[in-house]
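In: Kindly generate the corresponding structure for this input.
(one chain, ligands or ions: 2)
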Amino acid sequence: MEDADQAHLELELSREHLLQAEKMAMVGKLAAGVAHSIRNPLTSVKMRLFSLNRSLELNDYQKEDFQVITEEIRHTDTIVQNFLEFARPPKLKMQLVSPSAVVDQTLQLLEHRLKSYDVDVQVNRKQPLPEIEIDPEQLKEVFVNLIENACEAMEQGGSIVITEETIPRPSNPAALIRLSDTGPGISESIREKLFEPFFTTKEEGTGLGLSIALRIVEEHQGRLDVTSKESQGTTFTITLPLKESGHE
Ligand code: ADP
Ligand code: MG
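Out: Ligands and ions are numbered 1, 2, ... in the order given. Predicted coordinates for the structure are as follows:
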């Protein structure tokens, strides 16, 4: 009887999981559809705005309006990107690249955004991480999402420290990229939910950033860990395995 009860319980649980997975797949498809439809008009608005910016003589108030519009469009763009990314079929385009190069590209890409958040970034790197098989575009997405979160957490500005490290043999050789911020930290109570899709504490959040980041890192056979002390900032650590190769 007990076995039967147990089996019943397990069946019930797996049915729930299945339902949940189906729901997620549906939401994903729906979201991707909407995101797709929004993307084209949004791109067009963005381009026209930039060309207007070049031809108009704006006074200071108008310049501020313009700045806000630009920021809001960028925000919408990020949301759309995230939804598209969320519904993407899991496929990586692997290349032999040093993750350090991806870090540098990301920082270049985010230069203006970091400035507007008044966040400075320091990179601790003795030498670039070795080249490994990664999808640099996807990995960039991981860094963008983590840095974006850090910036949003540090409303009054602050700093991000990126530390790169290689773990040599005899333990599993790995490349480590650590991202620490000086934000408010993450309370124990929500730590478990962080990586769930659609979990957000922000009024305008999508809750997709970390779930996407985790998925991409796991697709690389890596790990994404978080440590945080409340009011002492947050550290996200990406661990990517270094494959055996002929030479070290
Ligand atoms: P979103 O940014 O849209 O809220 P994410 O998946 O990127 O979704 O993040 C989920 C939640 O994790 C955030 O709403 C926030 O509460 C928390 N979080 C993520 N990164 C940080 C960080 N660096 N500092 C504090 N809280 C964070
Ligand atoms: Mg986010």
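In: Contact partners for the closest residue to Ile162 other than its chain neighbours?
Out: Spatial nearest neighbour of Ile162, excluding adjacent residues (Cβ to Cβ, 6 or more residues apart in numbering): Val123 at 4.8 Å. Yep, even glycine has a C-beta here, placed from its N, CA and C like the rest. Contacts for Val123 (Cβ atoms under 8 Å, 6 or more residues apart in numbering) come out as Val103, Leu107, Val161, Ile162, Glu164.
In: again, but for Glu152
Out: When contacts are counted by Cβ under 8 Å, 6+ apart, Glu152 touches Tyr117, Lys202.
In: ok but it is inside a helix, no?
Out: Yes. According to DSSP: H, G, I helix; E, B strand; the rest coil, Glu152 belongs to a helix.
In: ok, back up a step: in which helix or strand does the residue nearest to Ile162 reside?
Out: Taking DSSP states H and E as the criterion, Val123 maps to strand 119-124.
In: who does the next helix or strand after that strand pair up with?
Out: Helices and strands here follow DSSP H and E; after strand 119-124, the next one along the chain is strand 132-134. Neighbouring strands of strand 132-134 in its sheet, by DSSP bridges, are strand 95-97 (antiparallel).
In: Centre of the chain to the strand holding Val123, how far?
Out: Taking Cα atoms, centre = their mean, to the nearest Å, one finds strand 119-124 lying 17 Å from the centre of the chain it belongs to.
In: what pairs with that strand, and is each one parallel or antiparallel?
Out: For strand 119-124, pairing defined by DSSP bridges yields strand 158-167 (parallel).
In: Not counting the strand it pairs with itself, show me its contacts.
Out: Applying Cβ under 8 Å, 6+ apart, the set of residues contacting strand 158-167 is 99-100, 103, 118-126, 128-130, 147, 150-151, 173-183, 242.
In: Buried ones in it, by neighbour count?
Out: Gly158, Ile160, Val161, Ile162, Glu164, Glu165 (16 or more other Cβ atoms under 10 Å).
In: for stretch 189-204, same thing?
Out: Per 16+ other Cβ under 10 Å, stretch 189-204 contains these buried residues: Leu194, Phe195, Pro197, Phe199, Thr200.
In: Lovely, talk soon.
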